[in-house]
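*Asks:* Quick one, what's the 3D model for this:
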Amino acid sequence: MSPYMLPMLLNALILGTLITLSSSHWLLAWVGLEINSFAIIPLMAQNPHPRALEATLKYFIIQATAAIMLLFSSTLNAWLSGQWDIQHMTHPIPLAIITIALSLKMGLAPVHAWFPEILQGLDFKVGLIISTWQKLAPLILFAQVSHEYSILYTILGLTSILVGGWGGLNQTQLRKILAYSSIAHMGWVILVAHYFPAFIILAFSIYVIMTFTLFLTFHYTHSTSMNSLSTSWTKAPFLVSTIPLTLFSLGGLPPFTGFISKWVILNELTKQGLMMLATIAALSALLSLFFYLRLSYAMALTMPPNNLPATLSWRLPFLLSPLLLTSSLIASFYLLPLSPSILAFFLL
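*Replies:* Predicted coordinates for the structure are as follows:
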């Protein structure tokens with residue numbers, strides 16, 4: 001790819017998201033989402049591997065379908081109520097269609113099947129963008145639309161937590177495991193969207209920090225499966241020894257940063273009197289914690305056998321500066337003592 005093309009595409013990604021975030025009109029929000037989608041497609045297709053091209057084509061079809069549903073529902077709402085504003089989507093039919101369209105864009109269950117397959121065909125850097133930045137604009141639209149029919153949000157959130165946990169149990173490919181982890185975490189974010197929209201940004205920010213750490217770690221160690229992960233100790237011993245702590249944080253265990261979002265969401269659901277929903281969500285998080293523990297066991301608690309029929313990698317120096325990875329590692333571990341200040345900021 002041309003060195004001038006990459007900054008243009010990254011600027012288009014940022015521009016599309018900012019247009020969506022700053023718009024109160026459905027047509028401008030749709031334009032921002034389309035700019036965002038078309039900017040990521042050349043980054044996905046820059047690898048000439050057939051799996052990457054297949055993932056690019058699937059992503060284009062899914063995003064085009066979601067964009068058509070979004071434009072149709074906003075037009076239908078304007079026809080029924082005479083309003084194009086995002087916050088005036090009150091009719092149940094357009095509201096249900098727009099919710100499904102935004103769920104399709106973010107990969108929420110039950111419209112999630114495209115996300116693990118597409119992420120498996122991409123490298124870790126582009127997969128990181130799709131798992132984090134590409135979900136920001138639809139998530140903000142989720143927070144702005146009417147929450148009159150909260151049962152749909154509850155169903156989407158709880159289904160995503162369950163599917164993300166069950167789907168990752170039998171996976172051996174790291175990118176698919178990260179995809180199902182993303183589905184489960186977005187379910188937690190959507191679960192609290194109706195009751196306290198300010199906590200959406202808090203939970204999403206913590207998810208981005210921990211996902212950023214894992215994607216960069218697997219990119220640095222060139223690990224794509226659990227088999228290659230078990231031999232990654234020879235590449236970066238200190239980095240591999242810290243990744244189980246990141247996985248514990250991603251699972252929501254105290255005293256790590258990931259406990260903040262789980263604690264805040266369960267506390268809010270309990271305040272709303274939804275004890276059964278909070279209990280089911282907390283128990284469903286144990287499914288995700290199981291395959292995080294599997295990764296930790298394969299990475300740091302086992303040694304490869306002496307007769308391993310594979311060539312161990314050389315311990316080579318990093319080609320890129322690990323400053324971002326070091327910062328995200330620290331943020332993944334040590335933000336829990338700052339939780340009172342963080343919550344006070346989001347409660348303003």
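
*Asks:* going forward, measure contacts and count neighbours with C-alpha atoms only.
*Replies:* Fine.

*Asks:* So which residues lie in contact with the strand or helix carrying residue 211, not counting its own?
*Replies:* Applying DSSP states H and E as the criterion places residue 211 in helix 198-221. Outside helix 198-221, the residues that touch it by C-alpha atoms under 8 Å, 6 or more residues apart in numbering are 124-125, 128, 132, 143, 185-186, 188-190, 192-193, 224, 232, 235-236, 239, 243, 246, 249-250, 257-258, 261, 264-265, 318, 325, 328-329, 331-332, 346-347.

*Asks:* What is the longest helix of this protein by residue count?
*Replies:* The helix spanning the most residues in the chain, taking DSSP state H as the definition, is helix 50-81.

*Asks:* State the mean pLDDT of it.
*Replies:* When pLDDT is averaged along helix 50-81, the result is 90.

*Asks:* For whichever helix or strand comes after that helix, which helices and strands make contact with it?
*Replies:* Per DSSP H and E, the first helix or strand lying C-terminal to helix 50-81 is helix 92-106. With contacts taken as 3 or more C-alpha pairs under 8 Å, 6 or more residues apart in numbering; DSSP states H and E, helix 92-106 sits against helix 50-81, helix 136-144.

*Asks:* Quick check: which of the ones you listed is buried the most?
*Replies:* Greatest average neighbour count among those goes to helix 136-144 (a mean of 20), per mean count of other C-alpha atoms under 10 Å.

*Asks:* elements contacting it?
*Replies:* helix 5-22, helix 92-106.

*Asks:* how about 10 Å then?
*Replies:* helix 5-22, helix 26-45, helix 92-106, helix 174-191, helix 198-221 (3 or more C-alpha pairs under 10 Å, 6 or more residues apart in numbering; DSSP states H and E).

*Asks:* Report the distance from the helix or strand just after the longest one to the chain centre.
*Replies:* Towards the C-terminus, the helix or strand next in line after helix 198-221, according to DSSP H and E, is helix 226-230. On the basis of C-alpha atoms, centre = their mean, to the nearest Å, helix 226-230 sits 23 Å off its chain's mean C-alpha point.

*Asks:* same deal with stretch 224-242?
*Replies:* 23 Å.

*Asks:* Could you pull up the mean pLDDT of it?
*Replies:* 77.

*Asks:* Could you list the buried residues of it?
*Replies:* Neighbour-count burial for stretch 224-242, counted by 16 or more other C-alpha atoms under 10 Å, picks out 224-233, 235-236, 239-240.

*Asks:* Using CSV, write out every CA atom in that stretch.
*Replies:* Output of stretch 224-242 as CSV, limited to C-alpha atoms (Å, rounded to 0.1, in the frame of the first residue of the first chain):
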residue,chain,number,x,y,z
THR,A,224,-2.4,-17.4,15.8
SER,A,225,-3.5,-20.6,17.7
MET,A,226,-3.2,-22.2,21.1
ASN,A,227,-0.5,-24.5,19.8
SER,A,228,1.7,-21.6,18.7
LEU,A,229,0.8,-19.8,22.0
SER,A,230,2.2,-22.7,24.0
THR,A,231,5.6,-22.1,22.4
SER,A,232,5.6,-18.4,22.7
TRP,A,233,7.7,-18.4,25.9
THR,A,234,10.9,-18.4,23.9
LYS,A,235,9.9,-15.2,22.1
ALA,A,236,9.1,-12.8,24.9
PRO,A,237,9.3,-14.3,28.4
PHE,A,238,8.3,-11.2,30.4
LEU,A,239,5.4,-10.3,28.0
VAL,A,240,4.1,-13.9,28.1
SER,A,241,4.2,-13.9,31.9
THR,A,242,2.0,-10.8,32.1
